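[1] Sequence first, then the predicted structure:
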Amino acid sequence: MRGVGRQDGTAAGTTAAASRRAPRLTPGVRRVAGLLAGLALLAGCGSTPAESPPTGVDGLRVPTPEPDPSDFVAEVDHPLFPLAEGGAWRYRAADGSEVAVEVVGGDVVAGVDVTVLDRVTTDADGEVVGERRSAYAEDAAGNVWSFGRQVLSGPGESWRAGVDGAEAGLLVPAAPRVGDAWLQQESPDLTTRVEVLETDAVVDGPDGDAAGTLVTEDTERTDAGEESVVRSYAPGLGVVQVADAGTGAVLLELVERTG
């Protein structure tokens, strides 16, 4: 392996997971320091929580400046973020607006073959108010990485791994644990931090309760300010709900999944 290092800290929660080969990624780590020290203090005095077993997150450099194409596989088939060819998702907001997401093919970003998602937002009258395309790839260890976002219309910041200092960032770990946290992107124009809140939650899905759901808090900072949302990833479905991290209000919920 080449240049593999550990992320600072040990996660507060545990999940049973078998270790798979961590990708050979070159240096460029943005270390998340002191996260679990604070969690340990909150747990109270007089007891020491058991240390979580290592997972793929511990061996990753996040974000990574020079991903090795040989570390990645052809398809994104993570159970919590499956991107099969022909996959499509339809989300609805409380105000009647909708978001349609669809796998639209592939691309090559920073030398890595990626899967591209097209996201179109329409208002309550059906008028298109935003469109963006995002690129993802899965490594041989089962971690899903974000390789960029192109904002075609509407709000948001575009970025592409390998361009203007932007680096590929971790989206969903192969074996997430409560307390895991990382910088998904870090640049002068856009910084995104992700923290795992739950790994076995039950949330509303399009066909009833979705168990075994991963819940993360994603905080995005741009020149326009800072916004935090809570995302829920359900097995076999992907993202099923997005909520405001401050109020808990549901911003988007999955109403249909095809493909």
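    Sure thing, it's come through.
[2] Please list all residues in contact with the nearest residue in space to L190 that is not next to it in sequence.
    Computed as C-beta to C-beta, 6 or more residues apart in numbering, the closest residue to L190 that is not its neighbour in sequence is E157, at 4.6 Å. Heads up, the C-betas are built off the backbone N, CA and C, glycines and all. By C-beta atoms under 8 Å, 6 or more residues apart in numbering, the residues touching E157 are 149, 151, 189-190, 222.
[3] filter the residues you listed to the buried ones?
    Buried residues within the contacts of E157, counting neighbours by 16 or more other C-beta atoms under 10 Å: 149, 151, 190, 222.
[4] Go through those and flag which are in helices.
    Helix and strand membership here follows DSSP state H; of these, not one is in helices.
[5] so which of those residues comes closest to L214?
    Nearest to L214 out of the buried ones among the contacts of E157 is R149 (C-beta to C-beta; 20.7 Å).
[6] Quick check, the closest one in contact with S158.
    Yes - the pair R149 / S158 is scored as a contact, 5.9 Å apart, by C-beta atoms under 8 Å.
[7] A88: what's it in contact with?
    Applying C-beta under 8 Å, 6+ apart, the residues near A88 are 100-103, 257-259.
[8] can you map out the strands along the stretch 151-259 of the chain?
    159-160, 169-172, 181-186, 191-205, 208-222, 225-234, 238-244, 250-258 (DSSP state E, counting those that start in this stretch).
[9] intersection of neighbour lists for R149 and S158?
    Shared contacts of R149 and S158, defined by C-beta under 8 Å, 6+ apart, are found at R132.
[10] ok, and the closest non-adjacent residue to L214?
    L214's closest residue in space is Y233 (C-beta to C-beta, 6+ apart), at 4.3 Å.
[11] Who does the one you found form a beta bridge with?
    In this entry, Y233 is beta-bridged to L214, V239, by DSSP bridges.
[12] close enough to count as contact, it and V240?
    Yes - counting by C-beta under 8 Å, Y233 does reach V240; the two are 7.2 Å apart.
[13] More neighbours: the two, which one.
    More crowded of Y233 and V240, by other C-beta atoms under 10 Å: Y233, with 26 against 23.
[14] quick one: the more buried one and R119, what's the gap?
    The gap separating Y233 from R119 is 16 Å, by C-beta to C-beta, to the nearest Å.
[15] Rebuild the strands of the stretch 151-259 of the chain as a markdown table, extending it with mean pLDDT.
    Putting the strands of the stretch 151-259 of the chain into a markdown table (pLDDT from 0 to 100) gives the following:
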| stretch | mean pLDDT |
| --- | --- |
| strand 159-160 | 91 |
| strand 169-172 | 94 |
| strand 181-186 | 84 |
| strand 191-205 | 94 |
| strand 208-222 | 94 |
| strand 225-234 | 94 |
| strand 238-244 | 97 |
| strand 250-258 | 96 |
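[16] Most tightly packed of the ones you listed?
    strand 169-172 (a mean of 24; mean count of other C-beta atoms under 10 Å).
[17] strands paired with that strand, and their directions?
    Paired neighbours of strand 169-172 in the sheet (DSSP bridges): strand 144-153 (antiparallel).
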